[in-house]
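Undergrad: Have a look at this fold, sequence not included:
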Ligand SMILES: O=c1ccn([C@H]2C[C@H](O)[C@@H](COP(=O)(O)OP(=O)(O)OP(=O)(O)O)O2)c(=O)[nH]1
């Protein structure tokens, strides 16, 4: 069963009233990065290739078609007994853009990232709502203890 937006809001920090939806909470855009070096997924490990921050143009990220890494502004905590799923805001999709996302594990805490696909030029302002997090009740074995635990928490690092 999926939880209400009010429940999700208790696990997203900070949350303004305008972000709380019936079934989840909208996440806002903090920054956009462009990958500039190959990464690698191996059998025994992984390497994330270097990414560079894209600069603002007149207060917005002006993005031509391509693939970008998008960083969310909010710190998410996935409570035990739950799993998180993230969906693009429909207005993003209606503007020919898509967010690709992965599973948000029970026990994860951090300010996460997603893959933004841009299929037609778009302008995105920092602080704009771009995605919606939903939480479903879930059984799980242990809690998240991977390399992204605590990412960008309590820092001003982008
Ligand atoms: O779209 C998403 C989905 C998940 N996460 C966060 C929450 C999740 O719990 C964490 C780790 O995801 P995953 O388990 O898929 O990472 P991994 O590639 O398997 O790396 P590791 O083994 O270090 O966890 O990243 C995101 O930032 N964005």
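TA: Yes, it's here. On a predicted model such as this, the values are computed, not experimentally measured, just so you know.

Undergrad: who touches the residue nearest the centre of the chain in this structure?
TA: Nearest to the mean C-alpha position of the chain, by CA atoms, centre = their mean, lies residue 113 at 4.2 Å. By CB atoms under 8 Å, 6 or more residues apart in numbering, the residues touching residue 113 are 69, 70, 71, 72. All C-beta spots, glycine's among them, are computed from the backbone N, C-alpha and C.

Undergrad: is it possible to export these to JSON lines including distance to the ligand, secondary structure and pLDDT?
TA: Below are the contacts of residue 113 laid out as JSON lines (distance: CB to the nearest ligand atom, whole Å; DSSP: H, G, I helix; E, B strand; the rest coil; pLDDT from 0 to 100):
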{"residue": "69", "distance to the ligand": "10", "secondary structure": "strand", "pLDDT": "98"}
{"residue": "70", "distance to the ligand": "10", "secondary structure": "strand", "pLDDT": "98"}
{"residue": "71", "distance to the ligand": "9", "secondary structure": "strand", "pLDDT": "98"}
{"residue": "72", "distance to the ligand": "8", "secondary structure": "strand", "pLDDT": "98"}
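
Undergrad: Tell me, what's the model's pLDDT at the closest residue to residue 40 other than its chain neighbours?
TA: Nearest non-adjacent residue to residue 40, counting by CB to CB, 6 or more residues apart in numbering: residue 47, 4.7 Å away. Residue 47 carries a pLDDT value of 97.

Undergrad: The longest strand seen in the chain packs against which elements?
TA: In terms of residue count, the longest strand belonging to the chain (DSSP state E) is strand 25-35. For strand 25-35, the packing partners by 3 or more CB pairs under 8 Å, 6 or more residues apart in numbering; DSSP states H and E come out as helix 5-9, strand 51-53, strand 61-63, strand 66-72, strand 129-137.
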